[in-house]
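Peer 1: Let's see this in three dimensions:
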Amino acid sequence: MKIYLLVGCPGSGKSWVANNLKAVMDHLPHDNYIGKNYVSHITNHLKNKTSKSPVLLETPFSISQIKEPLEQQGINVECVYIQEPSGVIEDRYRQRDGKDIPKGHLTRQETYKQRAESGGSFFGTSQQVLDYLTTESSKGAAEGES
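Peer 2: Got it, this is the predicted structure:
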């Protein structure tokens, strides 16, 4: 079973991408588990999962706190990074939260780009990531049928 970890700073478009993939992926929103053990919820979900659709996770922070514990359990996790221009992220964040985005979040965006490049992970705008994951979910469905 394939798990995709959607990574991007707040305002990058993670929720938008996930909402557009609801019909083809099994989405576990990070925001639903704030203050709880997200990895534990993911693991329990996987144990009880009956569909063959890929699982989509998301995180604005703490990639290693999600990815590494899952990989230690033998779960294949692929990080996919959303990279939008800073101005786009600033506008989205301001519209959503009614305030300016903390500068550290924008700095993290550059760190994510470097991680994606060095790790050979897919990265792109929210639309490009949506297109990529749509294609990947189609491949997974075709493989599951064979």
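
Peer 1: which residue ranges form the helices in the chain?
Peer 2: Taking DSSP state H as the test, the helices found in the chain are 14-20, 38-48, 63-72, 86-97, 103-119, 126-145.

Peer 1: For the third one, what is the distance to the chain centroid?
Peer 2: Spelled out, that is helix 63-72. Offset of helix 63-72 from its chain centre (CA atoms, centre = their mean, to the nearest Å): 13 Å.

Peer 1: Give me the mean pLDDT for it.
Peer 2: Helix 63-72 carries an average pLDDT of 92.

Peer 1: buried sites along that helix?
Peer 2: For helix 63-72, a neighbour-count test (16 or more other CB atoms under 10 Å) marks Ile63, Ile66, Lys67, Pro69, Leu70 as buried. To be clear about C-beta, it is placed using only N, CA and C from the backbone, and glycine gets the same treatment.

Peer 1: Also the last one?
Peer 2: Of the residues in helix 126-145, those buried under the neighbour-count criterion (16+ other CB under 10 Å) are Ser126, Gln128, Val129, Leu130, Tyr132, Leu133, Glu136, Ser137, Gly140.

Peer 1: Give me the distance between the fourth one and Asn76.
Peer 2: When CB to CB, to the nearest Å is the yardstick, Leu130 and Asn76 sit 21 Å from each other.
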